[in-house]
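Visitor: sequence unavailable; structure follows:
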């Protein structure tokens, strides 16, 4: 069964402040990505990572990221392995700086690039494009290009959804609860997230 996940990583704001901004709260209970609607962890390098169940989750929407990145740096990634879709974005000071997307439902046809991509990007792209060609290009049974957005975020944050992640092993992931179940906050959250009901 393929993964369907979204994650964001924040550097430059305390974890407690990030959770408050996103209306999530820690539970003190350990958890695994995809088994709970939300889990969070802090890396050795100071990134605070939140992984949400579901591709293109509301947490990685522009409305949320504009606010969250206002005074910090935010990187996001989303994967839907059932259709081989992946996307990564970089945000700072309330603006999206770059985005990389791959849609592989009809085969590994390439990536879409937007904005001023970081200098670390071309070597990652070129390595995985060469690997795809070595496997047979568009006719191959594998889609190496799917990993281009994922590997770019991994280069900075140290997290990849289908690998062991030493940067996060020491502290592990903690289950997070959404405050959306609090009736007093429903109207505000409905406006923020556009009335979507996914978790």
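Guide: Sure thing, it's come through. Since the model is a prediction, treat every value here as computed from it, not as a measurement. Numbers count the residues shown, from 1 in each chain.

Visitor: just the strands in this structure please.
Guide: Along the chain, counting by DSSP state E, strands occupy 4-11, 24-30, 38-42, 48-53, 73-80, 85-92, 95-103, 112-115, 174-178.

Visitor: so where's this structure shaky on pLDDT?
Guide: In the predicted model of the chain, residues 1, 180-199 satisfy pLDDT under 70.

Visitor: mind doing that once more with 90?
Guide: 1-2, 44-45, 56, 71, 104-110, 137-139, 167-171, 179-199 (pLDDT under 90).

Visitor: in it, which helix has the most residues?
Guide: helix 121-135 (DSSP state H).

Visitor: now that helix: buried residues?
Guide: Buried positions in helix 121-135, judged by neighbour count with 16 or more other C-beta atoms under 10 Å: 121, 124, 125, 128, 129, 132. Every C-beta, even on glycine, is put in place using the N, C-alpha and C of the backbone.

Visitor: out of these, who's nearest residue 92?
Guide: Proximity of those to residue 92 (C-beta to C-beta) peaks at residue 121, which lies at 15.7 Å.

Visitor: quick one on the thing from earlier: now the strands of the chain as JSON lines including distance to residue 63 and mean neighbour count?
Guide: Listed next are the strands of the chain as JSON lines, based on distance: least, C-beta to C-beta, whole Å; neighbours: other C-beta atoms under 10 Å:
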{"stretch": "strand 4-11", "distance to residue 63": "13", "mean neighbour count": "23"}
{"stretch": "strand 24-30", "distance to residue 63": "16", "mean neighbour count": "13"}
{"stretch": "strand 38-42", "distance to residue 63": "18", "mean neighbour count": "23"}
{"stretch": "strand 48-53", "distance to residue 63": "15", "mean neighbour count": "24"}
{"stretch": "strand 73-80", "distance to residue 63": "13", "mean neighbour count": "25"}
{"stretch": "strand 85-92", "distance to residue 63": "12", "mean neighbour count": "23"}
{"stretch": "strand 95-103", "distance to residue 63": "12", "mean neighbour count": "18"}
{"stretch": "strand 112-115", "distance to residue 63": "18", "mean neighbour count": "12"}
{"stretch": "strand 174-178", "distance to residue 63": "16", "mean neighbour count": "18"}
